[in-house]
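A.B. asks: I would like the atomic coordinates for the input below:
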Amino acid sequence: MSRPLVERRLIEISGRLKSLREELRVSEEQYSQLESEAEDARIRAMVSETPQADKDSRTTRRHSEAMQRHMSEVRTEIAQLESNQDELLDQLP
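C.D. replies: Numbering: from 1, shown residues only. Now for the predicted structure:
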């Protein structure tokens, strides 16, 4: 691959990494809030023992788990891009 092409690809990867890292930071904050809400809902469901409270607890837990999966996917993409970046850097003279 030519140097200008490698440099252009590195710039693209760098931009994407910056975006993904910010997305991960925001997701971690949201996850923290969702996890807190899920725990509160779980406690309310135990105390009230109503079908609605149980449903709310399950719903908030699913949201928290979905955010956890999303964060895992973002981390995986970051790792892949960092690996690609390293490979491209090795190609520079």
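
A.B. asks: now the residue nearest the centre of the chain: how far from residue 15?
C.D. replies: Nearest residue to the geometric centre of the chain (Cα atoms, centre = their mean): residue 71, 2.1 Å. According to Cβ to Cβ, to the nearest Å, residue 71 and residue 15 sit 20 Å apart. Quick note: C-beta positions are derived from backbone N, CA and C, even for glycine.

A.B. asks: Ok, residue 91 next?
C.D. replies: From residue 91 to residue 15 the distance is 19 Å (Cβ to Cβ).

A.B. asks: Same check on residue 42?
C.D. replies: 40 Å.

A.B. asks: okay, these two: which has more neighbours?
C.D. replies: residue 42 (17 against 10; other Cβ atoms under 10 Å).

A.B. asks: ok, that one - contacts?
C.D. replies: Each residue near residue 42 by Cβ atoms under 8 Å, 6 or more residues apart in numbering is listed here: 57, 60, 61.

A.B. asks: Could you give the number of residues near the first one?
C.D. replies: Residue 57 has 21 neighbouring residues, counting by other Cβ under 10 Å.

A.B. asks: For it, which three-state class applies?
C.D. replies: With DSSP: H, G, I helix; E, B strand; the rest coil as the basis, residue 57 sits in helix.

A.B. asks: thought it was touching residue 41?
C.D. replies: Yes. Counting by Cβ atoms under 8 Å, residue 41 is a contact partner of residue 57 at 4.2 Å.

A.B. asks: the longest helix in the chain is where?
C.D. replies: Secondary structure of the chain per DSSP state H: the longest helix is helix 3-48.
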